[in-house]
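Trainee: No letters, just coordinates:
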Ligand code: HEM
Ligand code: SF4
């Protein structure tokens, strides 16, 4: 069959979307992807004319929350069309095929579209014990990911697992769960961290790639700038309370009811780069902070190791969960005060003679008004 | 008869003194505001955010002090190359074997005389004694550490180039959170150092009577000279 694959617009039509729906989708996704208004026609044109993108979506050590997030995107075209399109090639979770057929689909895509397909990875790859902790079809994740990456045009690492290892890479990381960037090389990698990432962010990354045929602008550690250049804290609507010094002290206090800032109950917004404050979740309904819970920093590397989540300072390594840098500092300070006091006492005993000698040999000033 | 005279020596030049006090002020301000950033006060007020900018000011003061602290430190490094013999960098970092041997010997002496007080008679050194010099070198490293981590964090809220120079520390340490933790922990070094440092200048002044405390104000220390007078 040599008929060219359908474009996204053609597929949308087949599913009964009007041109109006389609154009609305294009401008919405362009806005979500941080593409300026003048770029919208390019997006329309791309989705109108370009054949669908060959995509392989892989799952390794993960919980599938990235896929779950993606299919909950607020715009139905994202899940209906893009995901349908994607499932045509290979994705363990959503494909109809199983076993040998699935493997065959994967390999035919990898051969047919060598150097052209987009590889989307959900999950980290275990490298301990030669990678046996994650095997699919009798092969290790390490093997599969390397083979697939070799023919990919670009790789998108969905979520914190694939981007930085997430919970399975937290200490002590028994399987040596490793982010994708550390096991492959030679392909551009777009990191889309978050546990999970926001659906609109995921869609935005794909559409950007589809529309412009190149990866979006990335920051120093490989995340799309459009979504990860600002901290949650920078766009948080509770920020005026932070600046005013009005903080929730505990989750059931009056201040919590007033909607004060959650910094003192552990909010990680000031150290977390993500677009939650702007795009929000579930159709822009809310995000954790709006729902009264601090940010846990799920898009940051090592966030599981930075606990407890409900206090500002992490527990001090090696001293148990209740101990922070301040507890340790205070203790060292107390010991120092004791040391100083002891030293002062000893000085007055040991150096008594020296001090007495100095006083003895010092000049005697005659008292005023008396003759010398 | 033997008589003891004290002679004045001009030890700390004006730039060193100025540096010292600006630095002291900055470190105190940075530690206090930094601690408040880590553990904000519970304000008794309960009102609307629009009426207050309290925490904003705390942070603003931290950042202003940070810039003063940083450039003041750079100035001191410069002075370590052009200042007098007591200000020179090799008081802190003895790179020649001869100097190292001398400072090491003095270090042991200081341990014996001042810390454990196994020997009672005071030591004579005019500028920094070796232990002090090395400790100050450790504080310089801590200054560098606080500047790098501090500006690395600050880069997220700034578009100017100076903080941008330190952006690399964030991925190196594994994220803003880790940088903040380390920055916070390092504060305790300054707290402990300040306590010990303040105590020791009082100690030296008290035991030796050579004007150590005032030397950082006027620049003068006193050395003893024993002579035989007829
Ligand atoms: C003696 C030197 C310094 C001390 C003792 C100090 C101490 C602290 C402490 C304890 C914190 C709170 C960290 C936390 O728990 O979240 C902090 C925050 C911070 N410091 Fe420093 N600091 C020093 C120098 C600097 C310098 C040179 C800079 C450079 C700009 C700087 C920039 C910052 C920034 C950006 C924050 C985070 C504030 C925020 O985002 O609210 N600090 N500092
Ligand atoms: S709730 Fe969190 S993100 Fe929002 S202002 Fe407070 S600290 Fe920042």
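Mentor: Received the coordinates, thanks. On a predicted model such as this, the values are computed, not experimentally measured, just so you know. Ligands and ions are numbered 1, 2, ... in the order given.
Trainee: how about the strands in chain B?
Mentor: Counting by DSSP state E, chain B forms strands over residues B:2-10, B:220-228, given from the N-terminal end onward.
Trainee: need the contact list for the residue nearest to residue B:100 when sequence neighbours are not counted.
Mentor: Spatial nearest neighbour of residue B:100, excluding adjacent residues (Cβ to Cβ, 6 or more residues apart in numbering or on different chains): residue B:94 at 4.3 Å. Quick note: C-beta positions are derived from backbone N, CA and C, even for glycine. By Cβ atoms under 8 Å, 6 or more residues apart in numbering or on different chains, the contact list for residue B:94 reads B:100, B:102, B:103.
Trainee: ok, 10 Å please
Mentor: Counting by Cβ atoms under 10 Å, 6 or more residues apart in numbering or on different chains, residue B:94 touches B:100, B:101, B:102, B:103, B:104, B:130, B:133, B:134, B:137.
Trainee: Quick check: residue A:46 touching residue A:7?
Mentor: Yes - between residue A:46 and residue A:7 a contact is recorded at 8.7 Å, counting by Cβ atoms under 10 Å.
Trainee: Which of those two has more residues huddled nearby?
Mentor: The neighbour comparison of residue A:46 against residue A:7 (other Cβ atoms under 10 Å in any protein chain shown) goes to residue A:46, with 21 against 17.
Trainee: Doesn't residue A:342 belong to a helix?
Mentor: Yes - following the definition DSSP: H, G, I helix; E, B strand; the rest coil, residue A:342 is counted among the residues of a helix.
Trainee: now check the longest helix that chain B contains, is it near ligand 2?
Mentor: The longest helix of chain B (DSSP state H) is helix B:176-208. No - looking at helix B:176-208 against ligand 2 by Cβ under 6 Å from any ligand atom, there are no contacts, and the closest approach is 12.2 Å.
Trainee: So the residue lying closest to residue B:123 once chain neighbours are set aside versus residue A:266, what's the distance?
Mentor: Take residue B:123 and drop its neighbours on the chain: the residue closest to it by Cβ to Cβ, 6+ apart is residue B:113, 5.1 Å away. Here the distance between residue B:113 and residue A:266 works out to 49 Å (Cβ to Cβ, to the nearest Å).
Trainee: Equivalent analysis for residue B:107, please.
Mentor: Per Cβ to Cβ, residue B:107 is found 44 Å from residue A:266.
Trainee: Between the two, tell me which one has more neighbours.
Mentor: Between residue B:107 and residue A:266, residue A:266 has the larger neighbour count (other Cβ under 10 Å), namely 20 against 17.
Trainee: Enumerate the residues of the stretch 101-250 of chain A near ligand 2.
Mentor: For the stretch 101-250 of chain A, the contact set with ligand 2 under Cβ under 6 Å from any ligand atom comprises A:232, A:233, A:236, A:238, A:239, A:242.
Trainee: Could I get the contacting residues of the last one?
Mentor: So that's residue A:242. Taking Cβ under 10 Å, 6+ apart as the contact definition, residue A:242 lies against A:233, A:236, A:260-264, A:267, A:269-270, B:40, B:49, B:55-56, B:59.
Trainee: Point me to the helix or strand that includes it.
Mentor: Using DSSP states H and E, the element containing residue A:242 is helix A:239-244.
Trainee: tell me the phi and psi of residue A:135?
Mentor: For residue A:135, the backbone dihedrals (degrees, to the nearest 10) come out as phi -130, psi 140.
Trainee: so what's it bridging to?
Mentor: The residues listed as beta-bridge partners of residue A:135 by DSSP bridges are residue A:140.
Trainee: in terms of contact, does it touch residue A:141 like I think?
Mentor: Yes - counting by Cβ under 10 Å, residue A:141 is a contact partner of residue A:135 at 7.1 Å.
Trainee: Tell me the buried residues in stretch A:239-257?
Mentor: For stretch A:239-257, the buried set under the neighbour-count rule, 16 or more other Cβ atoms under 10 Å in any protein chain shown, comprises A:239, A:240, A:241, A:242, A:243, A:244, A:245, A:246, A:247, A:248, A:255, A:256.
Trainee: I'd like these laid out as TSV, including distance to residue A:198 and pLDDT.
Mentor: Conversion of those to TSV gives the following (distance: Cβ to Cβ, whole Å; pLDDT from 0 to 100):
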residue	distance to residue A:198	pLDDT
A:239	20	95
A:240	24	95
A:241	24	95
A:242	22	95
A:243	26	94
A:244	29	93
A:245	30	93
A:246	28	93
A:247	27	94
A:248	24	94
A:255	28	91
A:256	25	93
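Trainee: Let me know the closest of those to ligand 1.
Mentor: Distance from ligand 1 was checked for each of the buried residues of stretch A:239-257 by Cβ to the nearest ligand atom. The minimum falls on residue A:242, at 8.7 Å.
Trainee: Touching both of residue A:135 and residue A:141, which residues are there?
Mentor: Joint contacts of residue A:135 and residue A:141 (Cβ under 10 Å, 6+ apart) are A:60, A:126.
Trainee: quick revisit: now, the most widely separated pair of the contacts of residue B:94?
Mentor: Pairwise distances across these peak at 17.1 Å for B:101 and B:137 (criterion: Cβ to Cβ).
Trainee: Looking at those two now, which is surrounded by more residues?
Mentor: Neighbour comparison, residue B:101 and residue B:137: the larger count goes to residue B:137, with 16 against 11 (by other Cβ under 10 Å).
Trainee: hmm, back to that, from ligand 1, how far off is the residue nearest to residue B:100?
Mentor: Between residue B:94 and ligand 1 the distance, using Cβ to the nearest ligand atom, to the nearest Å, works out to 25 Å.
Trainee: hang on, isn't residue A:119 packed against residue A:91?
Mentor: No - Residue A:119 is not in contact with residue A:91 according to Cβ under 10 Å; the separation is 11.2 Å.
Trainee: Overlap of the contact sets of these two?
Mentor: Each of A:55, A:56, A:57, A:58 lies in contact with both residue A:119 and residue A:91 under the rule Cβ under 10 Å, 6+ apart.
Trainee: Out of those, which is nearest to chain B?
Mentor: Ranking the shared contacts of residue A:119 and residue A:91 by separation from chain B, with Cβ to the nearest Cβ as the measure, puts residue A:58 on top at 25.3 Å.
Trainee: do you know how far that closest one is from residue A:257?
Mentor: The spacing between residue A:58 and residue A:257, counted by Cβ to Cβ, is 45 Å.
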